[in-house]
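# fold the stuff below for me.
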Amino acid sequence: MSKRVRRITIEVDENTYKLLIEKASEEGYSLITDYIVSLIKKNLQAEQLLSFEDILRRLKPRIERMVQDSINKHMEVIENIKRQIVDLYDKVDTLTNTMEELKKSLEAKPMRKQYIRKTGIERLREEKILFESQLPQRIPRDRFFNYLEREGAIILYLEKERIAVDRDYWEEFKHKLFEEINTDDEEVIKDMLGTHGFELFKRLREESIIYYDPYKKKWLPTSRDYFK
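Okay, the predicted model is just below:
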């Protein structure tokens with residue numbers, strides 16, 4: 001079935017007509033009408049192509065927005081994963097610290113139990129000197145010191161408190177104080193007697209149980225009752 005055609009009449013000036021004839025001949029058209037029809041078709045196709053480019057330009061912002069939205073969604077997922085990783089690291093650190101503290105606690109408990117199981121006389125033999133003022137409140141004083149005395153400890157009954165001394169250490173303490181130390185310089189005395197021995201020395205001196213003779217350069221007892 002042949003296409004339906006329409007007739008169009010175009011009026012042009014002489015120069016334009018001549019120019020159309022020349023162009024038609026150059027393009028290989030025998031009829032000027034065929035050349036004019038080809039020109040019209042080419043212009044229409046060009047306008048259609050231009051319209052497609054316009055559509056692309058209009059679609060470009062929308063496409064860019066869709067791409068950006070997709071990127072944002074992926075970035076949000078990545079940020080959530082990063083936050084979860086950081087939170088996981090924090091939990092691992094907390095768990096590690098808790099385990100370390102638990103380990104230290106478990107390591108310390110056997111030593112504590114062993115210390116509690118020690119008898120009073122065993123503790124005295126280990127520490128050499130026990131001051132009444134430093135004992136825990138739960139310990140009954142009289143019963144405790146009577147027990148130590150029965151076990152062979154030296155008990156010094158001072159005005160302010162009682163002091164229990166291991167018998168072997170007491171002999172060592174007396175020998176150093178009365179035979180070896182020849183000064184009242186506290187630094188020298190502390191160095192020779194040690195920390196616990198120096199505390200015992202100060203308590204005896206405070207209650208005038210011992211005194212320093214500068215002529216003999218010796219420490220002497222004011223009474224032999226404590227040093228039998």
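# so how far is Glu100 from the residue nearest to the spatial centre of the chain?
The residue lying closest to the centre of the chain (C-alpha atoms, centre = their mean) is Asp93, at 6.9 Å. Separation of Asp93 from Glu100 (C-beta to C-beta, to the nearest Å) stands at 11 Å. (Glycine included, C-beta is placed from N, CA and C.)
# how about low-confidence regions in the chain?
1-4, 45-56, 58-60, 62-63, 66-67, 70, 107-117, 226, 228 (pLDDT under 70).
# what strand or helix carries the residue nearest to the centre of the chain?
Following DSSP states H and E, one finds Asp93 within helix 32-117.
# restrict the helix or strand following that helix to CA atoms and write it as PDB.
Per DSSP H and E, the first helix or strand lying C-terminal to helix 32-117 is helix 120-127. The C-alpha trace of helix 120-127 is given here as PDB (Å, rounded to 0.1, in the frame of the first residue of the first chain):
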ATOM      1  CA  GLY A 120      49.200 -16.800 115.500                       C
ATOM      2  CA  ILE A 121      52.600 -18.200 116.500                       C
ATOM      3  CA  GLU A 122      53.400 -19.100 112.800                       C
ATOM      4  CA  ARG A 123      52.500 -15.500 111.900                       C
ATOM      5  CA  LEU A 124      54.800 -14.200 114.700                       C
ATOM      6  CA  ARG A 125      57.700 -16.400 113.600                       C
ATOM      7  CA  GLU A 126      57.300 -15.000 110.100                       C
ATOM      8  CA  GLU A 127      56.800 -11.300 111.000                       C
END
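# count the residues that sit near Ile21.
13 (other C-beta atoms under 10 Å).
# tell me if it really is in a strand.
No - under DSSP: H, G, I helix; E, B strand; the rest coil, Ile21 sits outside any strand and is assigned helix.
# Ile129 against Glu161, yeah?
No - here Ile129 does not reach Glu161: they are 11.9 Å apart, not a contact under C-beta atoms under 8 Å.
# these two: who's more crowded?
The neighbour comparison of Ile129 against Glu161 (other C-beta under 10 Å) goes to Ile129, with 22 against 14.
# from Ile163, how far out is that one?
With C-beta to C-beta as the criterion, Ile129 and Ile163 are 7 Å apart.
# what touches both of these two?
Counting by C-beta atoms under 8 Å, 6 or more residues apart in numbering, the contacts common to Ile129 and Ile163 are Leu200.
# what residues go with each domain of the chain?
Listed by automatic domain parsing, the domain ranges of the chain are 14-78, 120-227.
# straight-line length of the last one, end to end?
Pointing back at domain 120-227 there. End-to-end distance of domain 120-227: 23 Å, with C-alpha to C-alpha, to the nearest Å as the criterion.
# how far does that domain sit from the chain's center?
Put simply, domain 120-227 sits 48 Å off its chain's centre (C-alpha atoms, centre = their mean, to the nearest Å).
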